[in-house]
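Enquirer: A structural model of the following input is requested.
(2 chains)
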Amino acid sequence: MPQTRITPLALMASLLRNCLRRTPSSVRQLILLTGLLIALPAHALAADKPIADTPNVDQTNIEVDAVEDVDPPISFESLLDPLAKASFSEKEKVVDMIVEEKFSGSRKVLAAFLDNALYFDAQTGQVLIISESEGQEDSYFDAISGDALSGYSGDAKKIRTNNGLRKKLRGAIARFDLDDDNAVVRLGAIKQLRDDPDDEIMPLLREQLKDETNEEVIEQLTVTLAIFDLNSDDADVRLSAVQRLDGELGNDVYNRIKILTEEEQDSQVKSAALSVMTRIEGKRSFYAGLETTFFGLSFGSVLVLSAIGLAITFGVMGVINMAHGELMMLGAYTTFVIQQMMPDHIGLSILLSIPAAFLVSGLVGIAIERGIVRFLYGRPLETLLATFGVSLILQQVVRSIFSPLNRSVQTPEMMSGLLRINEIFAITYNRLYILIFTLIVFAGLLLILNRTSLGLKVRAVSQNRQMAKAIGVRTDRVDALTFGLGSGVAGIAGVALSQLTNVGPNLGQSYIIDSFMVVVFGGVGNLWGTLIAGFGLGIFNKILEPYAGAVLAKIFILVFIILFIQRRKQGLFPQKGRAAEDH
Amino acid sequence: MFASLASILRNDRATSVFLLLLTVVTVLASLANLLFPEGSALHVSTYTLGLLGKYMTYALLAVAVDLIWGYCGILSLGHTAFFALGGYAMGMYLMRQIGNRGVYGDPVLPDFMVFLNWDTLPWYWHGFDMFWFAALMVLVAPAILAFVFGWLAFRSRVTGVYFSIITQALTYALLLAFFRNEMGFGGNNGLTDFKDLLGFDLQANTTRVALFISSAVALAAGVIACRFIISSRFGRVIQAIRDSESRTRFIGYRVDNYKLWLFVFSAMLAGIAGALYVPQVGIINPGEFAPINSIEAVVWVAVGGRGTLYGAVIGAFLVNYAKTYFTIALPEIWLYALGGLFVISTLFLPQGVVGLMNKVMQRKQEARV
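Expert: Reported below is the predicted structural model:
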């Protein structure tokens, strides 16, 4: 404190100066007034004595505070204290002042304010930050000093916010973050300011641009400034801003340029805006197409996963297994159980679930084959009914054991979140992983069927059972193993599904018709056909969805397949040769 | 017609017994309901009568399924689509009958349309204020769908499992479609709150009895008609197709046409069943299209014994009675029981209950000899 003595004149002058410098406001006037009221009587005591010598009189103490507050003229505390009773517009002004003064710890207070974590004590008026974290007791901090208040037991009331205030707060926090050493924080702040631009900040951003070294931040800064410059009165500034925005994909850029093409007076700027807009539109529709394709592939991968086990049991063996969906459900429940056993290792539990689900569903599949299906070979319609009965029983078993309610399986951290390619194209990690997983499973199955002795025997039995038997293939064992393999793959599909939807007793039912459609559409007995049919139908569905809506798109697909089967009942890729006639 | 009925009664002992039994049950149950006061030991409650009436409509659906599956080898897993269409046609008539007694009191528009802010009746709702038109639609709507679908499928020789799967897809697609509010059939709430039928109050006891008797008459007529078709020349060809489709074709019969007409007829039977079902249960919603319902209908036939018609009726009564009993007394057990029934009847009772009875009777006869 350079100033140890104070005269009322100096105080008033400094306060008035501050007041005039900023926009006048009721809060400000309030503080000014209280400052005067405090200072005047104090002056009477302190007029000819140095402050250090002042005895401990109440008023003097107040004056000491006031003295210290003169430079900076307003204390953090004096700003925060009236918050509790202030109106929303007054609160907004307080936020403005906090930003201007840049007290240490203000960012923390503003962030807490935004999170609705700022409280005041009803008795003492002390402003508090209460941080709540799950599983722990709330911890209390003094808002001004930032000290932890252990053992606080007062009556804390929340300081309320509204939408306008929160917007203000976000802008205010962004201003603090612009000075942060971490480029990511700066980037976030600029993005925030880009979403809620205000005129005052733009000169600040221009300053920032001069010192900025991080390329990403510079990029974001120039775009934000260019959007702002579109409002400029100078046609040249607008022109260069339009040119800067060429190829930008953000919605805000697109909307602004679009407005410009309609309202711009200057012909040069207008033509530039038009050509920039066509380029942006082209790029946007390209990425939109890419996104549709990805969503289609992702939906298709679910279809392929659920159908590929069926492609083995139905396609290769010719057995209609209506319990296929329930085998997927078992796989999903296996994931749930394993996750319950090791709640601390979510990622590992998913990995372990893959072989476990394969085993569980595979064994149940073998039991179904040995217990029921083998008596019904050559009678496909009866098989259909019997396995449907099995599916009902399995559903009820799961209901009895796990309750009829849906269970949710947690997604490991590496699988959650978004992979953002650019502003309008983002991929969710879990869908990306499932797509890759589908391809791995498919490749694995293809290897088993084409490169192992089991695969050879499976193909032999499916092509000519009698001949295979004659040359010594134990057909019943092959049947059981094939059925087990198809069922096991259904279990693996269940693991993947558990990452996308809730796990419930009806999980399988919702996929069974789709799966059959995919297998039939792709051509029975043809794994490649299943893959292409699944992805094809997935993409087709996602292309239709924006125009027709999800339900209608699905109806169209069903009708399309029904009609397609009339034309080519062997599917896209019919089997050739003698074996084809049996199907 | 009477001559053929007489010949059926003369030659087909099992069907005659069945028809006799049906008549006796219907007459006795109706009389017991009407003549004896409530509380009397001989009184049959209206609830029971309604239940029996519902079973009879199910039985008619089972007969429709048995006609094509048991006699022609066509396994349709989408037969409730026709059942539900017939039901919707009847439901639309009943909706129009409500008139201005609905919640919103609109003289023309059903409540759900007022709720959706529609101001005019969709074109396909016109005419349903007349009973004869609705009754015609009960037959025509399922028939058209069956004709188009069957014409496409049989002409391209889609058979066996493939046919089963695409019929399932068909009913599934209809299920999704009827769930949409934009379709104009009441969305997922369906059609309900019916007041009266042909001017008779649906809640009145006598109306319930009349509906019950109509169901019984429809069931009997359905069985006789199917019997008539099967014992005709047409029916012989149908059975030949079941036993060897390509051989029949090579002999020179237009297999597709035979199958198509049988399929259409079966769909109309299912439609009638649906139309009788709706006023008795008081609601029709898209849930009736669910593929599982179709599969259940097939199970009734399988349990009763396919290819006998009366077996289908027995199966429908047995399974549905069990369902009513289990879902009230032991709800957890019901799916186990139903699932087990599927498995057991396909594995051990390929001819169903009827086959089992025949076997037992044969053994007795052999023992006597």
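Enquirer: and the contacts of stretch A:514-534?
Expert: Contacts to stretch A:514-534, defined as Cβ atoms under 8 Å, 6 or more residues apart in numbering or on different chains, come from residues A:300-301, A:303-304, A:306-308, A:310-312, A:314-316, A:318, A:324-325, A:442, A:445-446, A:449, A:462, A:537, A:557-558, A:561, A:564-565, A:570-575, A:579, A:583, B:162, B:165-166, B:168-169. C-betas here are computed from N, CA, C, even on glycine.
Enquirer: for that stretch, measure first residue to last.
Expert: Chord length of stretch A:514-534, first to last residue, is 9 Å (Cα to Cα, to the nearest Å).
Enquirer: that older thread, show me the contacts of stretch A:514-534 that map onto helices.
Expert: Secondary structure defined by DSSP state H assigns A:300-301, A:303-304, A:306-308, A:310, A:324-325, A:442, A:445-446, A:449, A:462, A:537, A:557-558, A:561, A:564-565, B:162, B:165-166, B:168-169 of those to helices.
Enquirer: quick one: contacts for A:Ala189?
Expert: Neighbours of A:Ala189 in contact, by Cβ under 8 Å, 6+ apart: A:173-178, A:180.
Enquirer: would you confirm that it belongs to a helix?
Expert: Yes. With DSSP: H, G, I helix; E, B strand; the rest coil as the criterion, A:Ala189 is part of a helix.
Enquirer: ignoring the adjacent residues along the chain, who's closest to it?
Expert: Excluding the flanking residues, the one nearest A:Ala189 by Cβ to Cβ, 6 or more residues apart in numbering or on different chains is A:Asp177, at 3.4 Å.
Enquirer: I'd guessed the one you found sits against A:Leu187; true?
Expert: No. A:Asp177 is beyond contact range of A:Leu187, at 9.1 Å (criterion: Cβ atoms under 8 Å).
Enquirer: what helix or strand does the residue in the stretch 251-369 of chain B positioned nearest to chain A sit in?
Expert: Proximity of the stretch 251-369 of chain B to chain A (Cβ to the nearest Cβ) peaks at B:Phe342, 2.5 Å away. Under the criterion of DSSP states H and E, B:Phe342 resides in helix B:331-347.
Enquirer: that helix - contacts with which helices or strands?
Expert: Other helices and strands packing on helix B:331-347, by 3 or more Cβ pairs under 8 Å, 6 or more residues apart in numbering or on different chains; DSSP states H and E, are helix A:380-402, helix B:291-304, helix B:310-329.
Enquirer: point out the most buried one among the ones you listed.
Expert: Mean neighbour counts were taken over these using mean count of other Cβ atoms under 10 Å in any protein chain shown, and the top value, a mean of 26, falls to helix B:291-304.
Enquirer: any bit of it sitting next to chain A?
Expert: Yes. Helix B:291-304 lies within reach of chain A by Cβ under 8 Å from any Cβ of the partner chain, at B:291-292, B:295, B:298-299, B:302.
Enquirer: sorry, back to before: got the angle for the helix holding B:Phe342 vs helix B:310-329?
Expert: The directions of helix B:331-347 and helix B:310-329 differ by 160 degrees, with axes from the mean of the first three to the mean of the last three Cα atoms, to 10 degrees as the criterion.
Enquirer: report the mean confidence score over the following helix or strand past helix B:331-347.
Expert: Reading on from helix B:331-347 to the C-terminus, the next helix or strand found by DSSP H and E is helix B:352-368. Averaged across helix B:352-368, the pLDDT comes to 83.
Enquirer: can you mark which positions in helix B:352-368 are buried?
Expert: Buried residues in helix B:352-368, counted by 16 or more other Cβ atoms under 10 Å in any protein chain shown: B:352-355, B:358.
Enquirer: export those residues to TSV and tack on distance to B:Leu269?
Expert: Listed next are the buried residues of helix B:352-368 as TSV, based on distance: Cβ to Cβ, whole Å:
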residue	distance to B:Leu269
B:Gly352	20
B:Val353	22
B:Val354	20
B:Gly355	23
B:Asn358	25
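Enquirer: in a markdown table, list the helices and strands packed on helix B:331-347 along with distance to A:Tyr429 and mean pLDDT.
Expert: As requested, these are exported to a markdown table (distance: least, Cβ to Cβ, whole Å; pLDDT from 0 to 100):
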| stretch | distance to A:Tyr429 | mean pLDDT |
| --- | --- | --- |
| helix A:380-402 | 28 | 87 |
| helix B:291-304 | 34 | 87 |
| helix B:310-329 | 44 | 88 |
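Enquirer: nearest to A:Ala84, out of these?
Expert: For A:Ala84, the closest of the helices and strands packed on helix B:331-347 is helix A:380-402, at 49.9 Å, according to Cβ to Cβ.
Enquirer: show me what the closest one is packed up against.
Expert: Using 3+ Cβ pairs under 8 Å, 6+ apart, helix A:380-402 sits against helix A:324-341, helix A:346-371, helix A:509-522, helix B:160-179, helix B:291-304, helix B:331-347.
Enquirer: just the angle between the second one and helix A:324-341, please?
Expert: For helix A:346-371 and helix A:324-341, the angle between their directions (the same axes, to 10 degrees) works out to 140 degrees.
Enquirer: could you find the closest non-adjacent residue to residue 114?
Expert: Because you didn't say which chain, this covers chain A. If the residues on either side of it in the chain are set aside, A:Leu114 comes closest to A:Leu169, at 4.3 Å by Cβ to Cβ, 6+ apart.
Enquirer: not what I meant, chain B
Expert: Distance criterion Cβ to Cβ, 6+ apart; nearest residue to B:Val114, sequence neighbours excluded, is B:Tyr104 at 4.2 Å.
Enquirer: next up, the contacts around the one you found.
Expert: Contacts of B:Tyr104 by Cβ under 8 Å, 6+ apart are B:111, B:114-115.
Enquirer: mind redoing it with 10 Å?
Expert: Residues near B:Tyr104 by Cβ atoms under 10 Å, 6 or more residues apart in numbering or on different chains: B:110-115.
Enquirer: from these, which ones fall inside helices?
Expert: B:111-115.
Enquirer: just the closest of these to chain A, please.
Expert: Nearest to chain A among those is B:Phe112, at 17.8 Å by Cβ to the nearest Cβ.
Enquirer: still on that earlier bit, mind giving me the ChimeraX select for the contacts of stretch A:514-534, buried ones only?
Expert: To isolate the buried ones among the contacts of stretch A:514-534 in ChimeraX, judged by 16+ other Cβ under 10 Å, type:
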select /A:300,301,303,304,306,307,308,310,311,312,314,315,316,318,324,325,442,445,449,462,537,557,558,561,564,565,570,571,572,573,575,583 /B:162,165,166,168,169
